[in-house]
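>>> Model the following, please.
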Amino acid sequence: MAIQVVRPTNRQEFVNKLIVPYDPKEGNPNVVFSEPAKLGQPEQNRAYQTSERIDGDKDFTIGIKDIDEALMHYFKNVLKLSVVQNNSRLEVPVIYGTPENWKSVQSDGYYRDENNKLMAPLLMFKRSSVAQNRNLGNKLDGNLTHNVQLFEKSFSKRNVYNNFSALNNRVPQKKYVVSATPDYITVEYECIVWTYFVEQMDKLIESLNFASRSYWGDPNRFQFYSSIESFQDSISYNIGENRAVRTNFTITLNGYLIPDTLNRKLASPGNVYSISRVIFGLETSTGTEEFGLKIKKGKSGVKPVTLTDSTNVVNYITNTTGTDPIIIAYLNTNKTVTGAFASSNTVIFPNGFLNAPTGLPATSVLNFTFFVNGQYVEASSITSFTDGGSYSTLVLNTTLLGYELESSDVIIGIGKFN
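Residues are numbered from 1 along each chain as shown. Have a look, this model is predicted:
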């Protein structure tokens with residue numbers, strides 16, 4: 001027998017007790033798994049970790065800002081430039097050159113902080129130009145997109161597993177996210193690096209040169225091919241000024257744009273689905289049947305159905321337990337009979353009911369199935385089905401059926417006819 005162990009309340013459980021429910025009817029939004037916690041149960045219940053947002057496929061867009069953020073991410077999280085200063089390693093800060101900062105740098109030759117102190121080491125970059133690259137591809141027309149790209153989704157709610165799909169060989173329907181072919185561009189960035197010593201600058205140039213001609217950016221978002229062709233060094237020795245080592249270089253990124261604009265949304269079709277189909281097998285009582293469909297008012301199909309009257313005895317039940325052979329023959333009988341048109345709602349079948357043996361329920365409409373031109377007749381559409389001995393009469397409710405019978409219709413009954 002397990003012994004209950006007293007466990008101190010953790011920080012989250014303690015804080016949750018202090019939260020007042022925002023709505024008395026809804027209760028506390030921070031649901032605690034169990035109070036008190038039981039032995040062996042986790043502190044966090046993953047059943048409550050669900051999102052209440054409306055999940056959907058967002059439009060695929062990428063702008064110039066995403067390219068800027070990719071460059072910043074690569075500088076800070078991948079390159080991680082650093083220098084050695086006074087036997088300690090200092091990380092090189094990376095800032096974007098706003099118009100005010102960039103003008104100040106061009107005027108003074110270096111960057112100072114709020115206390116007028118020279119900032120070094122430091123890397124500053126600014127986007128200088130955006131040029132179109134027509135050699136890679138084109139969307140052809142901005143008003144009506146003719147060139148698109150398809151991205152297949154791994155899961156769709158339309159393919160939820162059920163027994164019907166499993167038993168009837170249903171081909172799943174695939175979902176595709178359609179995106180317009182982007183506009184390929186070449187973006188250039190002017191970069192400036194400051195250090196106190198030439199040795200520090202050499203290490204930074206070596207790191208930047210090694211990373212050149214590779215894909216820069218966040219692997220979980222966007223990456224762009226980059227290149228650095230040359231570095232221009234300069235050292236400031238002016239009397240009365242601080243000594244600073246400065247290097248200028250240009251980074252070229254091969255990017256692409258899919259704007260989040262109205263005309264792009266109107267031109268792109270959004271989500272599309274593939275064709276789904278269900279494949280049914282064919283079972284017959286004899287091998288001489290001819291099958292087809294007939295076009296009916298408000299229905300679909302192509303040709304009428306023709307069946308030869310036959311008795312389908314497939315020996316579903318075998319006499320292995322001493323059961324009366326008459327009962328077995330009754331249970332295994334399933335006869336197909338073609339009816340004759342009598343009126344817009346009445347059909348006459350040339351066979352009567354097969355009498356049920358003693359001990360079994362009497363034969364009734366529940367033992368029969370009816371089809372009109374290959375279309376199943378629902379039980380709710382049947383008004384009555386009576387036995388006349390040598391014939392039987394079927395009366396239909398044409399209102400529930402959705403149409404009236406015609407003399408050219410083929411009405412078939414399958415069941416326990418005599």
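
>>> correct me, but Asp183 touches Tyr256?
Yes: between Asp183 and Tyr256 there is a contact under C-beta atoms under 8 Å: 6.5 Å. C-beta coordinates here come from the backbone N, C-alpha and C atoms, glycine included.

>>> Could you say which helix or strand holds Lys65?
helix 64-73 (DSSP states H and E).

>>> export that helix as CSV, just CAs?
Once non-C-alpha atoms are left out, helix 64-73 reads as follows in CSV (Å, rounded to 0.1, in the frame of the first residue of the first chain):
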residue,chain,number,x,y,z
ILE,A,64,11.4,44.0,-46.0
LYS,A,65,11.2,44.1,-42.2
ASP,A,66,11.5,40.3,-42.1
ILE,A,67,14.7,40.5,-44.1
ASP,A,68,16.1,43.2,-41.7
GLU,A,69,15.1,41.0,-38.7
ALA,A,70,16.8,38.0,-40.3
LEU,A,71,20.1,39.9,-40.6
MET,A,72,19.8,41.2,-37.0
HIS,A,73,19.1,37.6,-35.8
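
>>> And it, what's buried?
Neighbour-count burial for helix 64-73 flags Asp66, Ile67, Asp68, Glu69, Ala70, Leu71, Met72, His73 (criterion: 16 or more other C-beta atoms under 10 Å).

>>> between those, which is nearest Glu206?
Leu71 (19.4 Å; C-beta to C-beta).

>>> so who does that closest one touch?
Taking C-beta atoms under 8 Å, 6 or more residues apart in numbering, we find Leu71 in contact with Phe125, Tyr189, Trp216, Gly217, Ser226, Ile251, Leu253.

>>> The fifth one - how many residues pack around it?
Counted with other C-beta atoms under 10 Å, the neighbours of Ser226 add up to 22.

>>> domains of this protein?
Listed by automatic domain parsing, the domain ranges of the chain are 1-50, 64-257, 310-415.

>>> Could you dump the contacts of Leu71 into JSON lines with pLDDT added?
As requested, these are exported to JSON lines (pLDDT from 0 to 100):
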{"residue": "Phe125", "pLDDT": "93"}
{"residue": "Tyr189", "pLDDT": "95"}
{"residue": "Trp216", "pLDDT": "93"}
{"residue": "Gly217", "pLDDT": "92"}
{"residue": "Ser226", "pLDDT": "94"}
{"residue": "Ile251", "pLDDT": "95"}
{"residue": "Leu253", "pLDDT": "94"}
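
>>> May I ask which of those residues has the most neighbours?
Within the contacts of Leu71, most neighbours by other C-beta under 10 Å means Leu253, with 24 neighbours.

>>> lowest-pLDDT helix or strand in this structure?
Ranked by mean pLDDT, DSSP states H and E, the weakest helix or strand in the chain is strand 310-311, scoring a mean of 43.

>>> downstream neighbour of that strand in the secondary structure list?
Following strand 310-311 in sequence, per DSSP H and E, is helix 325-332.

>>> Could you list the buried residues of that following helix?
Ile327, Ile328, Tyr330.

>>> ok, the last one to Ser390 distance?
Put plainly, it is Tyr330. Distance of Tyr330 to Ser390, computed by C-beta to C-beta, to the nearest Å: 19 Å.
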